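Asks: with the sequence up front, the predicted model follows.
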Amino acid sequence: MTSSNTAPFDVIIFGATSFVGEILCSYMVERHGISGADDGQLSWAVAGRSKEKLQSVVDKTGADVEQIVADAADAEAMAQLAQSARIVVSTVGPYALYGNELVAACAASGTDYCDLTGEPQWMQRMIDTHHDAAVASGARIVHTCGFDSIPSDVGVWFTQQQAHERFGDYCSTIAMRVKAMKGGVSGGTVASMMNMMEEMAADPSLRSTIANPYALAPADRRTGVKQPNVTVPTNDEASGQWVAPFVMAGINTKVVHRSHALADHPWGSGFQYDEAMMMGAGPAGAAKAAATTAAMGASMGAAAVGPVRKLLNQYVVPKPGSGPSPDAQEKGFFDLRFYGTAGGNEIVTKVTGDRDPGYGSTAKMLAESATTLLATERTDTPGGFWTPSTAMGQPLIDALVAHAGLTFEVL
């Protein structure tokens, strides 16, 4: 195990040439300077498979930092990468295709790690395969450090802390509702979703993993009370509006329930959590919820059919490396509401972000997660696989509010 204190870099961004990786590098320049090696600031480097593409990112962002050429499939290269940093930040997806060797290397070497994955089947494999090694080495592994799933995971944690402070009790139910959101979809995100479809087609048993809200909890805690799940247009009691399914609920709910399990179920064995999108009240809201549900069902149904999925990949969906324009990223935002019940009391909280959720805002969340984790004492968060809220809690909220354009408030 290499001591994190002797690694030449504080942070290495692996996948700096990806769409979100380039945004992340721009943010790192803004927050931490071009390298920090000579001025006492954060020392960071970029890594990826192509020297030419790395040079292009450095030129575009002004990040005059060291460039490390390494292939995700090369176990030796990933081991060297892990030993060169206190924390490795990965944007290389689909993670199920390109993430295995790096997670294994970090878990073995004691190097902290965070990423943007929203692939529950891969996360479960990494947890089950490498948890013991991470505990032994002291590596803190934190998946889902972007819009998947910081707003949901940390939003629930914030809501629970506020409920306990006000009522002396935790919420037994929380419903997250997307009030408003504007943002584009990148090719990398679509590629991850399509790969998950491919995996399920090859191994139908994965469907049970995808369907289980407790799939990411420790292996001996993957069952629990039945969870609500909005799959059809619903007149929602929590928000007072019609709601439609939220495409990211499948990963976010699993992360929230992992957080609850890692904290030893402080919110009670019957805790329930679900997510949906608010569509408005009355007949107009009902019509919008029905249309949104139908469109989502049609797109997911088409992607589940092998030949159709191949055609979509070839001719329709955006290619990896593409995504929203800088102007679209600036104009993007998200506004989430959390409706909690604690005994006879109710609480409503709000979490917002000021950029395109999946890219402009995600890059900032990922950067702040990495630096917050570095500043977190290992006595507080020892080695193992954590979630954003269980690894960092209030310090992460403080960093996100101070630097990343997020807000957390009680309404």
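Replies: Looks like it arrived, so ask away.
Asks: tell me which residues in stretch 202-220 are buried?
Replies: Buried positions in stretch 202-220, judged by neighbour count with 16 or more other Cβ atoms under 10 Å: 206, 209-210, 212-217. Any C-beta I mention is one placed from the backbone N, CA and C, and that applies to glycine too.
Asks: isn't residue 88 right up against residue 16?
Replies: No: in this structure residue 88 lies outside contact range of residue 16 using Cβ atoms under 8 Å: 11.5 Å.
Asks: returning to what we had before: among the buried residues of stretch 202-220, which one lies nearest to residue 398?
Replies: Taking Cβ to Cβ as the measure, residue 216 is the one of the buried residues of stretch 202-220 closest to residue 398, at 25.6 Å.
Asks: who are the neighbours in contact with the closest one?
Replies: By Cβ atoms under 8 Å, 6 or more residues apart in numbering, residue 216 lies in contact with 120, 123-124, 127, 254-255, 257-258.
Asks: now do stretch 343-362, average pLDDT.
Replies: Averaging pLDDT along stretch 343-362 yields 94.
Asks: and the end-to-end length of that stretch?
Replies: Distance across stretch 343-362, first residue to last, is 34 Å (Cα to Cα, to the nearest Å).
Asks: return the distance of that stretch from the chain's centre.
Replies: 14 Å (Cα atoms, centre = their mean, to the nearest Å).
Asks: how about stretch 223-240?
Replies: Counting by Cα atoms, centre = their mean, stretch 223-240 comes out at 22 Å from the chain centroid.
Asks: and that stretch, what's buried?
Replies: In terms of neighbour count (16+ other Cβ under 10 Å), stretch 223-240 has its buried residues at 224, 230, 233-234, 236, 238-239.
Asks: and of the residues you listed, the nearest to residue 276?
Replies: For the buried residues of stretch 223-240, the nearest to residue 276 is residue 230 (4.0 Å; Cβ to Cβ).
Asks: just put the buried residues of stretch 202-220 in TSV and tack on distance to residue 58.
Replies: Below are the buried residues of stretch 202-220 laid out as TSV (distance: Cβ to Cβ, whole Å):
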residue	distance to residue 58
206	39
209	39
210	38
212	43
213	42
214	43
215	39
216	36
217	41
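Asks: so who does the residue most central in space within the chain touch?
Replies: Using Cα atoms, centre = their mean, the residue of the chain that lies closest to the mean C-alpha position is residue 144, 2.4 Å off. Counting by Cβ under 8 Å, 6+ apart, residue 144 touches 115-118, 123, 150, 153, 251, 255, 387-388.
Asks: repeat that for residue 406.
Replies: 151, 351-354, 361, 365, 400 are the contacts of residue 406 under Cβ under 8 Å, 6+ apart.
Asks: just the buried ones from those?
Replies: By 16+ other Cβ under 10 Å, the contacts of residue 406 give 151, 351-353, 361, 365, 400 as buried.
Asks: distance of the residue nearest to the centre of the chain relative to residue 238?
Replies: 24 Å (Cβ to Cβ, to the nearest Å).
Asks: do residue 336 as well
Replies: Counting by Cβ to Cβ, the gap from residue 336 to residue 238 is 13 Å.
Asks: identify the contacts common to the two.
Replies: residue 177.
Asks: give me the neighbour count for residue 269.
Replies: By the measure other Cβ atoms under 10 Å, the count of residues near residue 269 is 9.
Asks: re the thing from before, ok, so of the contacts of residue 144, who is nearest residue 263?
Replies: Once Cβ to Cβ is applied, the member of the contacts of residue 144 that ends up nearest residue 263 is residue 387, at 9.5 Å.
Asks: the residue nearest to that closest one when sequence neighbours are not counted: which element?
Replies: Sequence neighbours aside, residue 259 is the residue nearest to residue 387 in space, at 4.5 Å (criterion: Cβ to Cβ, 6 or more residues apart in numbering). Secondary-structure assignment from DSSP states H and E places residue 259 in helix 249-262.
Asks: ok so, going back, will you turn the buried ones among the contacts of residue 406 into CSV that also has secondary structure and distance to residue 50?
Replies: Below are those laid out as CSV (DSSP: H, G, I helix; E, B strand; the rest coil; distance: Cβ to Cβ, whole Å):
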residue, secondary structure, distance to residue 50
151, helix, 32
351, strand, 36
352, strand, 36
353, strand, 31
361, helix, 27
365, helix, 26
400, helix, 32
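Asks: does residue 84 touch residue 12 like I think?
Replies: Yes: using Cβ under 8 Å, residue 84 makes contact with residue 12 at a distance of 6.3 Å.
Asks: which neighbours do the two have in common?
Replies: Between them, residue 84 and residue 12 share the contacting residues 45, 68, judged by Cβ under 8 Å, 6+ apart.
Asks: would you quantify the distance from residue 287 to residue 279?
Replies: Distance of residue 287 to residue 279, given as Cβ to Cβ: 8 Å.
Asks: more crowded one of these two?
Replies: residue 279 (25 against 14).
Asks: need the contact list for that one.
Replies: Taking Cβ under 8 Å, 6+ apart as the test, what residue 279 contacts is 233, 241-244, 285-286, 288-289, 292.
Asks: from the residues you listed, which land in strands?
Replies: 242-244 (DSSP state E).
Asks: ok, so of the residues you listed, who is nearest residue 62?
Replies: For the ones in strands among the contacts of residue 279, the nearest to residue 62 is residue 244 (42.1 Å; Cβ to Cβ).
Asks: the nearest residue to residue 239 once chain neighbours are set aside: what secondary structure?
Replies: With Cβ to Cβ, 6+ apart as the criterion, residue 239 has its nearest non-adjacent residue at 4.7 Å, and that residue is residue 177. Assigned state for residue 177: strand (three-state reduction, DSSP: H, G, I helix; E, B strand; the rest coil).
Asks: residues contacting residue 177?
Replies: Counting by Cβ under 8 Å, 6+ apart, the residues that residue 177 touches are 236, 238-239, 241, 243, 275-278, 336-339.
Asks: also residue 89?
Replies: Here residue 89 is in contact with 11-14, 24, 113-115, 366-367, 370 (Cβ under 8 Å, 6+ apart).
Asks: name the member of those with the most neighbours.
Replies: Going by other Cβ under 10 Å, residue 13 tops the contacts of residue 89 with 31 neighbours.
Asks: stretch 268-287 spans what distance, first to last residue?
Replies: 37 Å.
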